[in-house]
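Undergrad: I need the structure of the sequence given here:
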Amino acid sequence: MTVRVSSHPASQPPPSSAVLAPPLAWWEHVVSWTVCILQGILSTSLLALILSEGIILDIVRRCKRSSHTWTVPTPTQCVSGVVAFFRYVWHCLTYKLPTPDVESVIVANGYELTKHEVQTRDGYLLTVFHLRQPNLRDDQRKRTPVLCQHGLFNTAMVFAFTGKSSLAMTLADQGYDVYLGNNRGNVHSRRHVHYTTNHAQYWDWGMDELVWDVEAMYKYILKHSGSDKLIYIGHSQGTTQALQALCVLPQLNAQTALLVCLAPAAYVAQLHSSHLVGMRNLYIGYPRFFYLLMGRTVFMPFLEWSRGVIPTIPWTYMADLMFTHLFGWSTGNWDPVARPLYFAATPSMSSSRNVAQWLQVAYSGRFARWDAKVELKDWMGQPITEQQKHDDEVQLDLDVRLVTAPTVLVHGSQDLLVNVDRLVQSLPNLVDTLVYQDWFHLDALSAKHAPKMLYPKLLKHIEEAEDANTQ
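TA: The predicted structure follows:
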């Protein structure tokens, strides 16, 4: 099945004063690569310590769960054990996923896929995948398109990696035209009309600028589908950028038939990981050291490089352990077969300023825009300008009450990253809140029981929104 590509002109072109950035000189490449190598060494050392701690804790947990009585093996058992060990090592080093990316996953499951390029008002070129079930009649197709938007360090793969039972394919089977968005900076959306990814200007964006990604995708999808409304499904950061877009661009509320927020992250919960607390405090107290360790432009760029170099099975174990240890979630509710597919696309790159904005939100507890004055400090953490209370500080806060689109919230009781209660109290048009016991941050899209426990309820709300939009 072929993948077709279409393009879309800028909905709002960049300012006319913008010019194409000149290519980098040779010495600029040398400096850039030297800085990247030094940052890689520093941040790799930091992650190695975190990973070592996680491995030790994992071994301790496994030993505690083990009920076997240890006995002295026979020589035959020793030989069999050594052979089995080397076979397993060989398998780990040589195993390759048959469908390593979102396009191959969708096509392998028999769905029609088209690839679209969408330009934002500030010149970023985003890739949006359009997914359809080809075996439906025209009268079985729904009129309201669905836009699915991934979270931080993810790609469109997060909505499709569980295959036929994934949310994206479930919606396609029900007759919906499903559009899978990709934010600027991830592996599918790394083009710009003026810059390349080697230019620092390309990575100068945070959550505030992701609003323009939402705006551009809305405009393109509504025009492409011929509908006047769409259904938006976001996960984690994908919910945050939608909520911010609906606050900043209130006209989008009228174009949203339903807003579905999976693990909504407008408000960050109290951090439980000492490593995340340390990262947050480092940024707030010593922002220059934070950027030195984590990268000035791309956040920890070596992570994506490692994903491409380390074999699939070891990488899956390492990434799973690292994310579990850092973010306090578990993949215990997942189908084990799906884990390598998820980590084949995770983590994907994001800008350091975007991560810094998340640390600002975690520190302040506010749903707010980027606060540039946080970084006005020298290497010793001392203010470099006379910092006074800004008269417009209140304007940094975003008012969730401006989100008037009908909204459904979904979260797990074990999700330690988000504070959903504050959002529930603020949303003016909350249709339903679905809470699942023992679910973690990613389980709405990855839990084995999600297709039976969650998706029928979501489909009911989506069908009601479809009916209301077509009346």
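
Undergrad: residue nearest the centroid of this protein?
TA: G151 (2.3 Å; CA atoms, centre = their mean).

Undergrad: pLDDT score for the residue lying closest to A172 once chain neighbours are set aside?
TA: The shortest distance from A172 to any non-neighbouring residue, by CB to CB, 6 or more residues apart in numbering, is to Q133 (4.4 Å). Glycine gets a C-beta too; all of them are placed from N, C-alpha and C. What the model reports for Q133 is a pLDDT of 95.

Undergrad: Please apply the same query to H29.
TA: So, for H29, pLDDT stands at 59.

Undergrad: Ok, L326 next?
TA: For L326, pLDDT reads 80.

Undergrad: so it touches L276, yeah?
TA: Yes. Contact criterion CB atoms under 8 Å: L326 and L276 qualify, at 6.3 Å.

Undergrad: Mutual contacts of these two, please.
TA: Shared contacts of L326 and L276 (CB atoms under 8 Å, 6 or more residues apart in numbering): none.

Undergrad: got the contact list for the residue nearest to A172?
TA: Contacts of Q133 (CB under 8 Å, 6+ apart): 111-112, 172-173, 175.

Undergrad: Write the PyMOL selection for whichever of the residues you listed are buried.
TA: Selection command for PyMOL covering only the buried members of the contacts of Q133, criterion 16 or more other CB atoms under 10 Å:
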select buried, resi 111+112+172+175
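
Undergrad: Where does pLDDT dip in the stretch 251-400 of the chain?
TA: Along the stretch 251-400 of the chain, the parts satisfying pLDDT under 70 run over 385-394.

Undergrad: can you give me the strands in it?
TA: 256-262 (DSSP state E, counting those that start in this stretch).

Undergrad: what does stretch 420-436 rub up against?
TA: Residues beyond stretch 420-436 that count as contacts (CB under 8 Å, 6+ apart) turn out to be 258, 261, 264, 266-267, 400-401, 403-413, 443-444, 447, 453-454, 457, 461.

Undergrad: if you set the cut-off to 7 Å instead, what comes out?
TA: Contact partners of stretch 420-436, identified using CB atoms under 7 Å, 6 or more residues apart in numbering, comprise 264, 266-267, 400-401, 403-413, 453-454, 457, 461.

Undergrad: Quick check: V128 touching Q119?
TA: No. Between V128 and Q119 there is no contact under CB atoms under 7 Å: 11.2 Å.

Undergrad: What does the pLDDT read for Q471?
TA: For Q471, pLDDT reads 75.

Undergrad: pLDDT at W205, what is it?
TA: On the pLDDT scale, W205 gets 96.

Undergrad: can you check R65 too?
TA: At R65, pLDDT is 62.

Undergrad: do the same with H194
TA: 93.

Undergrad: In which helix or strand does it reside?
TA: Using DSSP states H and E, H194 maps to neither a helix nor a strand.

Undergrad: Likewise for R87?
TA: Going by DSSP H and E, R87 is part of helix 75-94.

Undergrad: Quick check: next helix or strand after that helix?
TA: In the C-terminal direction from helix 75-94 (assignment by DSSP H and E), the next one is helix 102-108.

Undergrad: Could you measure from the nearest residue to Q140 once chain neighbours are set aside over to L458?
TA: Excluding the flanking residues, the one nearest Q140 by CB to CB, 6+ apart is G175, at 4.9 Å. If you measure G175 against L458 using CB to CB, to the nearest Å, the figure is 15 Å.

Undergrad: is it true that S446 touches A160?
TA: No. S446 is beyond contact range of A160, at 11.2 Å (criterion: CB under 7 Å).

Undergrad: Neighbour count: these two, which is higher?
TA: Counted by other CB atoms under 10 Å, S446 and A160 do not tie: A160 has more neighbours, with 30 against 23.

Undergrad: My read is that the more buried one contacts S104, right?
TA: No. A160 is beyond contact range of S104, at 10.2 Å (criterion: CB under 7 Å).

Undergrad: Can I get the buried part of the contacts of stretch 420-436 as one PyMOL selection?
TA: To isolate the buried subset of the contacts of stretch 420-436 in PyMOL, counting by 16+ other CB under 10 Å, use the following:
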select buried, resi 264+266+267+400+403+405+406+407+408+409+410+411+412+454+461
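
Undergrad: Please narrow the contacts of stretch 420-436 to those residing in helices.
TA: Of the contacts of stretch 420-436, the ones assigned to helices by DSSP state H are 453, 457, 461.

Undergrad: okay if I get those as JSON lines plus pLDDT?
TA: As requested, those are exported to JSON lines (pLDDT from 0 to 100):
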{"residue": "M453", "pLDDT": "96"}
{"residue": "K457", "pLDDT": "97"}
{"residue": "H461", "pLDDT": "97"}
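
Undergrad: which parts of stretch 143-154 are buried?
TA: 144-154.

Undergrad: cool, stretch 423-441 as well?
TA: Neighbour-count burial for stretch 423-441 [16+ other CB under 10 Å]: 423, 426-427, 430-431, 433-434, 436, 439-441.

Undergrad: Tell me the one among these nearest to N253.
TA: Distance to N253 across the buried residues of stretch 423-441 (CB to CB) is lowest for L427, with 11.8 Å.

Undergrad: Report the separation between that closest one and W358.
TA: L427 is 21 Å from W358, by CB to CB.

Undergrad: F129 too?
TA: 25 Å.

Undergrad: follow-up on the earlier one: show me the contacts of Q133 that map onto strands.
TA: Counting by DSSP state E, the part of the contacts of Q133 found in strands is E112.

Undergrad: Closest to Y218 out of the contacts of Q133?
TA: Using CB to CB, A172 comes nearest to Y218 of these, at 20.0 Å.

Undergrad: can you give me the end-to-end distance of stretch 221-233?
TA: Start-to-end span of stretch 221-233 (CA to CA, to the nearest Å) is 14 Å.

Undergrad: and it, which residues are buried?
TA: Neighbour count says stretch 221-233 has 221-222, 224-225, 227, 229-233 buried, by 16+ other CB under 10 Å.

Undergrad: do stretch 297-315 as well
TA: Those would be 297-304, 306-307, 312-313, 315, for stretch 297-315 by 16+ other CB under 10 Å.

Undergrad: Distance to L93 for those residues - can I get that in TSV?
TA: Below are the buried residues of stretch 297-315 laid out as TSV (distance: CB to CB, whole Å):
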residue	distance to L93
T297	33
V298	28
F299	29
M300	25
P301	25
F302	21
L303	20
E304	20
S306	15
R307	16
T312	9
I313	8
W315	11
